[in-house]
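Undergrad: coords below, sequence missing:
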């Protein structure tokens, strides 16, 4: 089975229970719900469908709710298409109007205050380029068209040189967040993160919503400011998404591959899952097979060490969502079989007995090294918080990672994490009995066989559900 996870975006092409089931069977581990589109009744139906399919298929498919964030857009333009001509001047206003080739409306009230002369305005993923020549600081900006073309209604705007004063969470985001938390989604994606403060604010809102909701945060990296504060962002977030669409417009395109590799490396070092997103298999929106460049892109993301690779339009509006997932699964499985993606040479945890995580971090590090040395078939961990699963995964052991927990919510959350496979287990007798019982379960389900070496991680005494402090190597009888 593949270790790298697949995130599939739901949309008009993949809203039905039948298609979602096909995608899960083809290898989708996480379903992404994009709050930029979709009414709440449709979203609720999707959430209920995923949860009923999990019961039916014995899976733990996770749900990622992706907040839109402060997405800047041009308003409606006449005839849904106006021609912007290079060299011509255009007025951009914050007063709502039907756009023409001479005057456009932007959905961003602070635009004239925030932009400066000489800054670039990119529209429609950078297809159109304008440069600011003047601003009245109130409601109008004059710009010269550098690279023209046809502009249709409601296209996105990127301001790579401008510091935007909009809040990270819009009114719409706050409503969407409330809805997502009410329905206890596993992960929530925060768009256009600029600093660690954005993550702290979102986590504060989640905590204040309900102490029993354990929804975790994915920071979407698509702004240059985020790169400047990346170490603090990684420290505060639970996972990262390399959102290459907007990132590739906001920073020079040639920098994106280097940034991608840097982000994956830093996340692995911090034991935080990282998702590579946007245009991974774009041609499969219409075609039945990906381009060779797309195959290489997916393969390189796997070899870099990504926890997950993401499909957007390919599954949300594409012609054959399940086939795209199946094709991606095929690429991942081959790369993981033929390439050396295992046993990362992570540094041992620094000896610090005052650090409350030192013991469990050391146990996880030792388990990964022991698995490599003994060629163990599996590392098995008991967890309530999921911490050991995140930590073990970051070492990328070749041994399977099996996680047993009595916390059902953790099972779906961990479905985003590389190599982790979860089992619900709520017995709590003695350590020896539990280890023997888990071996029996794994053998019966065909995950391990007689003679295989297994490494067990646990917390003694089990009843206290404390941090991992025990490691045991034994053979399956």
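TA: Good, I have the coordinates. Not measured: the values here are computed from a predicted model. Residues are numbered from 1 along each chain as shown.
Undergrad: tell me where the stretch 251-400 of the chain has strands.
TA: Secondary structure of the stretch 251-400 of the chain (DSSP state E, counting those that start in this stretch): strands located at 274-277, 308-311, 378-382, 400-405.
Undergrad: report the buried residues of the helix or strand that comes right after the longest one.
TA: If I follow you right, that is strand 400-405. Per DSSP states H and E, strand 400-405 leads on to helix 408-413 as the next helix or strand towards the C-terminus. Neighbour-count burial for helix 408-413, counted by 16 or more other C-beta atoms under 10 Å, picks out 410, 411, 412, 413. From N, CA and C alone the C-beta is placed, and that goes for glycine too.
Undergrad: on that earlier part again, and residue 221, which of the strands of the stretch 251-400 of the chain is closest to it?
TA: Taking C-beta to C-beta, strand 274-277 is the member of these nearest to residue 221, at 9.4 Å.
Undergrad: elements contacting that closest one?
TA: strand 239-243, helix 244-250, helix 256-270, strand 308-311 (3 or more C-beta pairs under 8 Å, 6 or more residues apart in numbering; DSSP states H and E).
Undergrad: can you list the strands that it pairs with?
TA: As defined by DSSP bridges, the strand partners of strand 274-277 come to strand 239-243 (parallel), strand 308-311 (parallel).
Undergrad: what about the stretch 301-450 of the chain, any weak spots by pLDDT?
TA: Nowhere does the stretch 301-450 of the chain drop to pLDDT under 70.
Undergrad: what segments of it are helices?
TA: 313-316, 321-338, 358-374, 387-394, 408-413, 431-444 (DSSP state H, counting those that start in this stretch).
Undergrad: now do the closest residue in space to residue 69 that isn't next to it in sequence, the pLDDT please.
TA: Excluding the flanking residues, the one nearest residue 69 by C-beta to C-beta, 6 or more residues apart in numbering is residue 191, at 2.8 Å. Residue 191 carries a pLDDT score of 95 in this model.
Undergrad: pretty sure residue 191 contacts residue 72?
TA: No - using C-beta atoms under 8 Å, residue 191 is not in contact with residue 72; the gap is 11.6 Å.
Undergrad: circling back: mean neighbour count added to the strands of the stretch 251-400 of the chain, as JSON lines?
TA: Formatted as JSON lines, those follow (neighbours: other C-beta atoms under 10 Å):
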{"stretch": "strand 274-277", "mean neighbour count": "27"}
{"stretch": "strand 308-311", "mean neighbour count": "26"}
{"stretch": "strand 378-382", "mean neighbour count": "25"}
{"stretch": "strand 400-405", "mean neighbour count": "23"}
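Undergrad: adding distance to residue 137, write those strands out as a markdown table.
TA: What follows is the strands of the stretch 251-400 of the chain, written out as a markdown table (distance: least, C-beta to C-beta, whole Å):
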| stretch | distance to residue 137 |
| --- | --- |
| strand 274-277 | 36 |
| strand 308-311 | 39 |
| strand 378-382 | 58 |
| strand 400-405 | 55 |
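Undergrad: for residue 289, find the nearest of these.
TA: Of all the strands of the stretch 251-400 of the chain, strand 308-311 comes closest under C-beta to C-beta, at 14.6 Å.
Undergrad: could you measure from the residue nearest to residue 256 when sequence neighbours are not counted over to residue 224?
TA: Leaving out its chain neighbours, the residue that sits closest to residue 256 by C-beta to C-beta, 6+ apart is residue 248, at 5.0 Å. Per C-beta to C-beta, to the nearest Å, residue 248 is found 12 Å from residue 224.
Undergrad: when these two are compared, which one has more neighbours?
TA: residue 248 (21 against 17; other C-beta atoms under 10 Å).
Undergrad: pull the contacting residues for that one.
TA: Applying C-beta atoms under 8 Å, 6 or more residues apart in numbering to residue 248 gives the contacts 126, 256, 278.
Undergrad: closest one to residue 212 among the strands of the stretch 251-400 of the chain?
TA: Using C-beta to C-beta, the strands of the stretch 251-400 of the chain put strand 400-405 closest to residue 212, at 16.4 Å.
Undergrad: who has more neighbours out of residue 191 and residue 72?
TA: Neighbours per residue (other C-beta under 10 Å) separate residue 191 from residue 72, with residue 191 holding more: 26 against 19.
Undergrad: what number of residues are in the vicinity of residue 443?
TA: 16.
Undergrad: let me fix that, I meant to ask about residue 445.
TA: So residue 445, with other C-beta under 10 Å, has 10 neighbours.
Undergrad: one more: the one 5 residues further on?
TA: Applying other C-beta under 10 Å, we find 8 residues neighbouring residue 450.
Undergrad: OK, contacts around residue 213?
TA: Residues counted as contacts of residue 213 (C-beta under 8 Å, 6+ apart) are 181, 184, 206.
Undergrad: do the same with residue 163
TA: Contacts of residue 163 (C-beta under 8 Å, 6+ apart): 114, 225.
Undergrad: from the contacts of residue 213, which is closest to residue 34?
TA: Nearest to residue 34 out of those is residue 181 (C-beta to C-beta; 17.0 Å).
Undergrad: and that closest one, what element?
TA: Going by DSSP H and E, residue 181 is in helix 171-182.
Undergrad: list the buried residues for that helix?
TA: So helix 171-182, judged by 16+ other C-beta under 10 Å, has buried residues 173, 176, 177, 179, 180, 181.
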